[in-house]
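**Q** please work out how this folds:
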Amino acid sequence: MSQGRGNAAQASNMVGFGVIFCLCLLLLIKAKPTHGAIYTVGESAGWGFNVNSWPKGKSFKAGDLLVFNYDSSIHVVVQVDKRGYHGCVSPKAAKVYSTGNDRVSLVKGMNYFICSFPGHCQAGMKLAINAT
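**A** Numbers count the residues shown, from 1 in each chain. This next block holds a predicted model:
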């Protein structure tokens, strides 16, 4: 008889484990992803000329959000590659943000942004950020 009781206790433990496992799985499914830190590019001055030094002293991680605030009648934000950044060129497939209040999630590695209005990138309106 004691052998039968052991099997019942084991079955009860398995059911309890199953319930806890299902609850944990449900919590994971319902959990909403969160972003990392939120950074406003250029602080109160916003996205403008000479922002290329703005990242100094900051540690960025993949998933952090950059907020670009600017006058959309005179600026845009273009996400480019290294070549586009150094050459101040916007490839055809580049993502262009133009609302004046754009949020961009950083990816791991280098993230490059320029303003593609004529002369703006060349005058320092570009940004390179390394996210770990």
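**Q** hmm, residue 90 is touching residue 80, no?
**A** Yes. If you go by CB atoms under 8 Å, residue 90 and residue 80 touch, sitting 6.2 Å apart. C-betas here are computed from N, CA, C, even on glycine.
**Q** out of these two, which sits in the more crowded spot?
**A** Between residue 90 and residue 80, counted using other CB atoms under 10 Å, residue 80 has the larger neighbour count: 26 against 18.
**Q** list the contacts for the more buried one?
**A** Contacts for residue 80 were tallied using CB atoms under 8 Å, 6 or more residues apart in numbering; they are 89, 90, 91, 94, 112, 113, 114.
**Q** state the pLDDT value of it.
**A** On pLDDT, residue 80 comes in at 98.
**Q** what's the answer for residue 16, then?
**A** At residue 16, the pLDDT value in this model is 60.
**Q** and if you look at residue 30?
**A** If you check residue 30, the pLDDT there is 55.
**Q** cool, and residue 127?
**A** At residue 127, the model reports a pLDDT of 97.
**Q** partners of it in the sheet?
**A** residue 113 (DSSP bridges).
**Q** in this structure it contacts residue 110, no?
**A** No. Using CB under 8 Å as the test, residue 127 is too far from residue 110 to be in contact (10.8 Å).
**Q** next, count neighbours for residue 115.
**A** Neighbour count of residue 115, defined by other CB under 10 Å: 27.
**Q** kindly report the same for residue 83.
**A** The number of residues packed near residue 83 is 10, by other CB under 10 Å.
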